[in-house]
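A.B. asks: let's see this in three dimensions:
(one chain, ligands or ions: 2)
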Amino acid sequence: MSEPSTKICCIGAGYVGGPTMAMIAKQCPDIEVNVVDINESRIAAWNSDLLPIYEPGLDEVVKEARGRNLFFSTDVSAAIKSADMIFISVNTPTKTFGIGTGRAANLEFVEKCAREIALHADGHKIVIEKSTLPVRTAEAVKRILSSASNENATFDVLSNPEFLAEGTAVEDLLAPDRVLIGGESQEAIDRLAAVYGRWVNPENILKTNLWSSELSKLTANAFLAQRVSSINAISALCEATGADVDEVANAIGTDSRIGPKFLKSSVGFGGSCFQKDILNLVYLCEHFGLPEVAAYWEQVVLMNDYQKRRFSTAVVKTMFNTVSDKKIAIWGFAFKKDTNDTRESPAIYVCRDLLEERARLTIYDPKVSLEQVKQELVYLMTSENGTLSEKHRQLIDENVEVADSASAATTGAHAIAVLTEWDEFKDIDFHSVYSSMKKPAFLFDGRNLLDREKLSKIGFEVYATGKS
Ligand code: NAD
Ligand code: UGA
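C.D. replies: Ligands and ions are numbered 1, 2, ... in the order given. Coordinates of the predicted model:
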């Protein structure tokens, strides 16, 4: 028996909706995929040669399918009407107001999608939670859908969280460790599994109940972030004792029960999801009367805050306790390499701390603009106090600039701070960089990216996370 034909709509054309749908469209040329968003400029960018997100290999995937069976548009209602599978892939940020402020997920955008689907649906629709959501959100989605205007409208709700990491989205989507589908209707689960089954090995398609699927996503991110905070906690002890954090990570990572991944000590984890998802987990634990469990997971975020602060404190302390009016070259502003995403990047926090110490910052990141840097700093400094003080506004306006190359950023600088592990930083001519800097020339490697010994021989005073 042939499978019923499928037409997909995805609401939300962001870092997840865009690449995920492009991959489905590439792998399933017979399935029409419509990606819709209320953000007109984002949709225009998806339809242009300059995609709104930088992701290695994504341009090729989009070019292959766009206009054939992959379409980007702002016409949300038309896409809902014509689809039989609807992915909800909108943002679920941490709440900044009301009950659960600073912890719970803001489900406003998800709820609006469910209402939009209820309004326009006709016939049977499989509604798929692709966004990361608190466990039991599907219950609310189902209730909203049950109020659909059209009496012919019926629904199955599935949870299908996304596990791609930015910077490696295309390879993660091509060969995922697993695809997770949670639901109540076996038929709906099988229909979605058949879409992924075009290129994913059936053994890697896991089928669970709805709540396990929703909770597994938050748990996966919490475990990954916990590993980073664990190794970062040990990095502080390494600095105090003479142990080397990379050697420790290697020694423990060869134990197959621990494994080598996610043990790279850093200036702290960033990105739009780790902190948000752990805080959401913390909120859920509190909500379900589990304060000890909540406190356990919250510590992962607190350790990350400590690590970011520890780095900026080390910069100030090492530079004779003052960075006032000193030029510091900031190498990297994105939250990791190979992405233009700066959300929750540790660089924002370090730059904030250094600005408060009156440093002058020259930032270089191959994928981040001055406008983006300033937006992030304004957002952080505003969200802390509710308003942006005149002092902070002035510091951002007068003490932040960008350079168009890593070496251009260092001319006349007292120090370099490496905050993102872009590969190009490894190939810099450090002799000429050193000669262009004020002496002593400090280098703070927040990613343990560079060869410390080589730099010290050139003359740099090097501080590297987790190294004595
Ligand atoms: P994003 O902010 O990049 O994109 C979300 C998009 O949804 C925006 O373009 C926004 O305009 C659009 N949107 C919001 N409300 C809408 C509505 N009512 N109708 C139409 N469009 C609407 O977010 P993202 O990074 O793609 O994340 C989306 C979800 O996926 C989040 O829940 C996130 O936790 C999860 N997630 C993200 C990643 C990642 O790497 N970024 C990975 C896995 C899971
Ligand atoms: C993470 C998860 O890896 C994805 O599986 C998940 O889908 C995604 O969150 C999400 O839900 O949004 P992402 O945040 O894109 O992906 O990137 P990661 O590679 O996980 O890195 C997160 C942060 O941790 C970065 O700042 C990175 O530099 C840092 N990190 C990572 C370390 O400091 N050390 C490590 O060993 C690994």
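A.B. asks: list, one by one, the residues from the protein near ligand 1.
C.D. replies: Selection of the chain residues close to ligand 1 by C-beta under 6 Å from any ligand atom yields 11-17, 37-39, 42, 76, 89-92, 109, 112-113, 131-132, 162, 164, 166, 272-273. The C-beta positions use only the backbone N, C-alpha and C, and glycine is treated the same way.
A.B. asks: which residues of the stretch 201-350 of the chain lie near ligand 2?
C.D. replies: 221, 224, 228, 262-264, 266, 269-271, 273-274, 335-336.
A.B. asks: check those residues and tell me the two furthest apart.
C.D. replies: Farthest-apart pair in those is 263 and 273; separation 19.3 Å (C-beta to C-beta).
A.B. asks: so the two - more neighbours on which side?
C.D. replies: Taking other C-beta atoms under 10 Å, residue 263 and residue 273 do not tie; residue 273 has more neighbours (25 against 19).
A.B. asks: if I look at the more buried one, how far off is residue 167?
C.D. replies: As judged by C-beta to C-beta, to the nearest Å, residue 273 and residue 167 stand 13 Å apart.
A.B. asks: for residue 456, same thing?
C.D. replies: Distance from residue 456 to residue 167, by C-beta to C-beta: 30 Å.
A.B. asks: looking at those two, which has the bigger crowd around it?
C.D. replies: Taking other C-beta under 10 Å, residue 456 and residue 167 do not tie; residue 167 has more neighbours (20 against 12).
A.B. asks: before we move on, what SS does the nearest residue to the more buried one once chain neighbours are set aside have?
C.D. replies: Computed as C-beta to C-beta, 6 or more residues apart in numbering, the closest residue to residue 167 that is not its neighbour in sequence is residue 338, at 3.4 Å. Following DSSP: H, G, I helix; E, B strand; the rest coil, the label given to residue 338 is coil.
A.B. asks: and residue 338, backbone torsions?
C.D. replies: The phi/psi pair for residue 338 (degrees, to the nearest 10) reads phi 60, psi 30.
A.B. asks: do I have it right that it meets residue 58?
C.D. replies: No: at 10.7 Å, residue 338 does not count as touching residue 58 under the criterion of C-beta atoms under 8 Å.
A.B. asks: shared neighbours, these two?
C.D. replies: The contact sets of residue 338 and residue 58 do not overlap (C-beta atoms under 8 Å, 6 or more residues apart in numbering).
A.B. asks: show me where the stretch 351-468 of the chain has its helices.
C.D. replies: Taking DSSP state H, counting those that start in this stretch to define them, one finds helices in the stretch 351-468 of the chain at 370-385, 390-399, 406-410, 430-436, 452-458.
A.B. asks: let me see the mean pLDDT of the fourth one.
C.D. replies: Okay, so that is helix 430-436. Mean pLDDT, computed over helix 430-436, is 98.
A.B. asks: which residues are in contact with it?
C.D. replies: So helix 430-436 is contacted by 407, 410, 411, 412, 413, 416, 441, 454, 455, 458, 459, 460 (C-beta under 8 Å, 6+ apart).
A.B. asks: SS state for the residue lying closest to the second one once chain neighbours are set aside?
C.D. replies: Read that as residue 410. Spatial nearest neighbour of residue 410, excluding adjacent residues (C-beta to C-beta, 6+ apart): residue 329 at 4.4 Å. Recorded secondary structure, residue 329: strand (three-state DSSP).
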